[in-house]
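Student: Sequence isn't available, so here's the structure alone:
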């Protein structure tokens, strides 16, 4: 079967919610053996549209951290406060680099408004005020943005260079991925899709039927609200380059980034990179669903069914599949066994998180099946 025929069900599934009028646009890409197999855009978007990739950004920061580990400039048991002095206050002095990467640092909701994130001095003032809500290392709780601000300043302390520049020069540029950016100047934002909130949140009864426990949507999404996501339309917020959520890319560039991690054509990470990507370092239970977190150094690992589906990787991929999704339905992963990487991006922030999860599973499963057929 040809690649185009095998992946037709993926395209059909991607088009569904565009044709139904739910999502304004989406873009997807599949890559293998270092090359694109598929790159399509549907809906109200140009073929060269770029999107805010939200927490898919975390893979870019992980990629820089892995380089620092390879070069011996950083150790996983180093304390973050050893590099970012302001972070040491209020009992945070023992939090390690590894704890930041696997979301056990203990400050999941610590705030960082865009204006403060843009100013290193104001960032430091925020760090000094942050407090932990649980003992670091004892629990897993996803840190949407806070932990990656500290990792960004660790990167700056070691390299002496702005973290956004480091991501570009050490990760994107060597692979020719100039459309993959963290912190895009205002005058270069014209091709970024405008984010819109779509749909209605699920009811508590719908959530309980799927998750198994009574739950309010506010408890599930935390700080990742529709208003917060739409706030990334602000040009200055996009320019800040939130290190855990502010990346800008097209689907093709992000899929090829994962191919770069897999094949390392320029020897940027060395032979340990697959262990860093796929070795589970945190299996503490997710506080909402109760299943093991299955976190590697900065990424999520699929693991075995049925938990792989709960993590958004779908059916049919290998347990070693790794990646990181993003708010509003963004998907980005790589299966080292089949060699395929897949990215799906949309500017429609679906507030019905259960429907969003089913979309992720459906698309990822179709990619895995198509890859197996080629």
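Tutor: Happy to help now that I have it. For clarity, every value in this text was computed on a predicted model and none was experimentally measured. Numbering: from 1, shown residues only.

Student: going forward, measure contacts between C-alpha atoms and count neighbours the same way
Tutor: Noted.

Student: Make sure I have this right: residue 27 is in a helix.
Tutor: No - counting by DSSP: H, G, I helix; E, B strand; the rest coil, residue 27 falls outside a helix, being strand.

Student: Can you report how many residues neighbour residue 219?
Tutor: Per other CA atoms under 10 Å, the neighbour tally for residue 219 reads 9.

Student: which ones are touching the residue lying closest to residue 77 once chain neighbours are set aside?
Tutor: Closest residue to residue 77 apart from its sequence neighbours, by CA to CA, 6 or more residues apart in numbering: residue 96 at 5.4 Å. Contacts for residue 96 (CA atoms under 8 Å, 6 or more residues apart in numbering) come out as 76-80, 105.

Student: do that again at 10 Å, thanks
Tutor: 75-82, 104-105, 136-137 (CA atoms under 10 Å, 6 or more residues apart in numbering).

Student: Please apply the same query to residue 345.
Tutor: Neighbours of residue 345 in contact, by CA under 10 Å, 6+ apart: 25-29, 41, 50-54, 56, 249-251, 254, 325-326, 328-332.

Student: Next: residue 187.
Tutor: Taking CA under 10 Å, 6+ apart, one finds 235, 239 in contact with residue 187.

Student: And it, how far from residue 51?
Tutor: 16 Å (CA to CA, to the nearest Å).

Student: which sections of the stretch 1-150 of the chain are below the confidence cut-off?
Tutor: Residues of the stretch 1-150 of the chain that meet the criterion pLDDT under 70 lie in 1-2.

Student: quick one: the helices in it?
Tutor: For the stretch 1-150 of the chain, the helices defined by DSSP state H, counting those that start in this stretch cover 3-6, 8-19, 58-70, 97-101, 114-117, 120-129, 146-159.

Student: Highest mean neighbour count out of the ones you listed?
Tutor: Of all those, helix 97-101 has the most neighbours on average by mean count of other CA atoms under 10 Å, namely a mean of 24.

Student: by contact count, what packs against it?
Tutor: Secondary-structure packing of helix 97-101 (3 or more CA pairs under 10 Å, 6 or more residues apart in numbering; DSSP states H and E): helix 58-70, helix 146-159.

Student: gap between the last one and the chain center?
Tutor: What that stands for is helix 146-159. Put simply, helix 146-159 sits 17 Å off its chain's centre (CA atoms, centre = their mean, to the nearest Å).

Student: one step back: reformat the contacts of residue 96 as a markdown table; add distance to residue 354 and neighbour count.
Tutor: Putting those into a markdown table (distance: CA to CA, whole Å; neighbours: other CA atoms under 10 Å) gives the following:
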| residue | distance to residue 354 | neighbour count |
| --- | --- | --- |
| 75 | 38 | 16 |
| 76 | 35 | 16 |
| 77 | 37 | 12 |
| 78 | 38 | 14 |
| 79 | 37 | 22 |
| 80 | 36 | 26 |
| 81 | 38 | 19 |
| 82 | 41 | 16 |
| 104 | 25 | 25 |
| 105 | 28 | 29 |
| 136 | 30 | 20 |
| 137 | 29 | 18 |
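
Student: residues in contact with the residue most central in space within the chain?
Tutor: The centre of the chain sits closest to residue 56, judged by CA atoms, centre = their mean, with a distance of 2.1 Å. Residue 56 makes contact with 244-249, 254, 299, 323-327, 330-333, 343, 345 under the criterion CA under 10 Å, 6+ apart.

Student: Kindly recompute the last result at 8 Å.
Tutor: Counted by CA under 8 Å, 6+ apart, residue 56 has contacts 244-245, 247, 323-326, 330-332.

Student: try residue 371
Tutor: With CA under 8 Å, 6+ apart, residue 371 has these contacts: 6-7, 338, 340.

Student: And the pLDDT at it?
Tutor: Looking at residue 371, its pLDDT is 96.

Student: Could I get the buried residue list for the helix or strand where it lies?
Tutor: Element membership for residue 371 (DSSP states H and E) is helix 353-372. By neighbour count on 16 or more other CA atoms under 10 Å, the buried set for helix 353-372 is 353-354, 356-371.

Student: on that earlier part again, how far away is the residue nearest to residue 77 from residue 44?
Tutor: 44 Å.

Student: Repeat that for residue 215.
Tutor: Separation of residue 215 from residue 44 (CA to CA) stands at 35 Å.

Student: Could you pull out the strands in the stretch 201-350 of the chain for me?
Tutor: 247-249, 300-301, 322-323, 331-335, 340-346, 348-350 (DSSP state E, counting those that start in this stretch).
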